[in-house]
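**Q** below are the sequence and a predicted model for it; my questions follow.
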Amino acid sequence: MSYSCFVSEIGDLNPLTSCLVRVRTTPKLSLFIETLGAGQVAFSSNDEIRVNADYIQGYEGDVRKGITGILYHEVVHSWQWNGNGQAPVGLIEGIADFVRLKAGYAENWSQPGSGNKWDEGYQVTALFLDYLNGLRNGFVAEINKKMKSGYSDNFFFELLGKTVDQLWSEYKAKYNT
Ligand SMILES: [Zn+2]
């Protein structure tokens, strides 16, 4: 997994050390391949990533690419900020999928402009974040940094000069969706 990818997409998570990897007091992630609930793909909690063995078994297409994409997503959860628990879950999931997108593991995704809400999560939010990142290079890394100790929708205004609702409307209008 490329370290430089995380630095450029997620940014420096620790302003004190200027080093992403040092943000962890225990810089160790564990990966478990096991049987999870039916239909479940993977999840991460407390730096433990669990991938459903049945999902891998039944994967149609390039399984290496598919699982690598999932791992990108789950690893981001261990390194991103969550606004001390206040950030919308959809934004957290969107940032994780944004890194997956930028790493080139977004096969069979929806088209840009899809979705009904900016914080719907996953690919919907990831594609919106990609649009915002195009308006301001480094936007995702910057909003992630702001989410270290709390969260406010106003972060969007501070970085882009427009509210998140306004940005979402413009994004939808751009893609006619
Ligand atoms: Zn996730």
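**A** Yep, that arrived. Numbers count the residues shown, from 1 in each chain.
**Q** quick one: mean pLDDT for stretch 107-118?
**A** Rounded to a whole number, the mean pLDDT of stretch 107-118 is 94.
**Q** residues of it that come out buried?
**A** 109, 112, 113, 115, 118 (16 or more other C-beta atoms under 10 Å). Just so you know, the C-beta spots here come from the backbone N, C-alpha and C atoms, and that holds for glycine as well.
**Q** repeat that for stretch 136-145.
**A** Those would be 139, 140, 141, 142, 143, 144, 145, for stretch 136-145 by 16+ other C-beta under 10 Å.
**Q** got phi/psi on the third one?
**A** According to degrees, to the nearest 10, the main-chain angles of residue 141 amount to phi -60, psi -40.
**Q** can you tell me how far it is from the ion?
**A** As for residue 141, its distance to the ion is 18 Å (criterion: C-beta to the ion, to the nearest Å).
**Q** pLDDT score for that residue?
**A** pLDDT at residue 141 comes out at 91.
**Q** can you pull the contacts of residue 29?
**A** 47, 48, 49, 75, 78 (C-beta atoms under 8 Å, 6 or more residues apart in numbering).
**Q** farthest-separated two in these?
**A** Greatest spacing in the contacts of residue 29, by C-beta to C-beta: 48 and 75 (11.6 Å).
**Q** which one's more surrounded, the two?
**A** residue 75 (20 against 14; other C-beta atoms under 10 Å).
**Q** got a list of contacts for stretch 121-137?
**A** 89-98, 100-102, 106, 109-110, 112-115, 117-119, 139-140, 142, 156, 159-160, 167-168, 171, 174.
**Q** from those, which land in helices?
**A** 89-98, 100-102, 139-140, 142, 156, 159-160, 167-168, 171, 174 (DSSP state H).
**Q** count of neighbours near residue 52?
**A** 20.
**Q** so the closest residue in space to it that isn't next to it in sequence is in which element?
**A** Nearest residue to residue 52 in three dimensions, chain neighbours excluded: residue 36, at 4.0 Å (C-beta to C-beta, 6 or more residues apart in numbering). Taking DSSP states H and E as the definition, residue 36 sits outside all helices and strands.
**Q** contacts only, for the residue sitting nearest the centre point of the chain.
**A** A centroid search over the chain (C-alpha atoms, centre = their mean) returns residue 96, at 1.6 Å, as the residue closest to the centre. Counting by C-beta under 8 Å, 6+ apart, residue 96 makes contact with 72, 73, 74, 76, 77, 80, 126.
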